[in-house]
Structures are given as C-alpha cells and as structure tokens.
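Chemist: Starting from these lines, generate the structure:
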Amino acid sequence: MPVVDPLSDKEIADRLAELPGWELAADGTALVRTYRLAHLPAAILAVHIAQVQAELDHHSDLTLGYDTLGVSITTHSAGSRLTEKDFGLAGRIAAIAPAHGAE
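Modeler: Down below sits the predicted model:
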C-alpha cells in the first residue's frame, strides 16, 4: 500500500471547516460523525458507505446503533493520522447521507 502523507494541523482545520457535522476525535487521530436516523435506514446507509469505501479503497469504522450510525475515519498506514484520503471519504459520506434521511 502506498504511503500517504499526514495533513498538517492547519490543513485539517481548513478541510474540517468544509464538512459540517464532522469533528476530530478527542485524541485528534480520526474524523468522526454520528448520524441519527431510524434503524433500517441506518443499516442501508452503512451498506452504501461500504460501497463507497470499496470504490475508494479506503475504509472507516462504522458503529450501528438503534437509531444512529457512527463513522470514524483515519489512515492507519499513516500512523493513524489524518490524510487527504480521510477527507475524501468523509466528503463522499456527507454527500450520500441526506438521501437516507440522516441528520
């Protein structure tokens, strides 16, 4: 797997400002977002996200709850630091989530 360079703190802040609802994990190593929606649509959104991840060859951690879908994205091959790939995946997820009724 090719090495991906981690983003600087400024690059992270700039890109995060373009992703409403997303935030940094407490330890600063991941982008996180929790979507609220009914259980079945949450499961369908998780499958849709899995398809996007396969296209991008970049994967997140998904946590399916009763009425939530949690997403956590980081680049493990960059030492669990944030890279352009993470923001690309988060942007794609942000683009498809509303069609599933996610808030």
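
Chemist: Distance from the chain centre to stretch 72-86, please.
Modeler: Relative to its chain's centre, stretch 72-86 lies at 10 Å (Cα atoms, centre = their mean, to the nearest Å).

Chemist: Span of it from start to end?
Modeler: Taking Cα to Cα, to the nearest Å, stretch 72-86 runs 9 Å from one end to the other.

Chemist: who's in contact with it?
Modeler: Outside stretch 72-86, the residues within contact range by Cβ atoms under 8 Å, 6 or more residues apart in numbering are 1, 3-7, 12, 25, 29-32, 56, 58, 60-61, 63, 89-90. Quick note: C-beta positions are derived from backbone N, CA and C, even for glycine.

Chemist: Show me what whatever helix or strand A13 lives in is packed against.
Modeler: Using DSSP states H and E, A13 sits within helix 9-16. Counting contacts by 3 or more Cβ pairs under 8 Å, 6 or more residues apart in numbering; DSSP states H and E, helix 9-16 is packed against strand 23-24.

Chemist: and the angle for the next helix or strand after the strand it packs on with helix 9-16?
Modeler: The helix or strand immediately downstream of strand 23-24 is strand 31-36, counting by DSSP H and E. In terms of direction (axes from the mean of the first three to the mean of the last three Cα atoms, to 10 degrees), strand 31-36 departs from helix 9-16 by 20 degrees.

Chemist: Adjacent strands (with direction) for strand 31-36?
Modeler: strand 23-24 (antiparallel), strand 68-73 (antiparallel) (DSSP bridges).

Chemist: Could you save these as JSON lines and add columns showing mean neighbour count and mean pLDDT?
Modeler: Listed next are the strands paired with strand 31-36 as JSON lines, based on neighbours: other Cβ atoms under 10 Å; pLDDT from 0 to 100:
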{"stretch": "strand 23-24", "mean neighbour count": "14", "mean pLDDT": "98"}
{"stretch": "strand 68-73", "mean neighbour count": "20", "mean pLDDT": "98"}
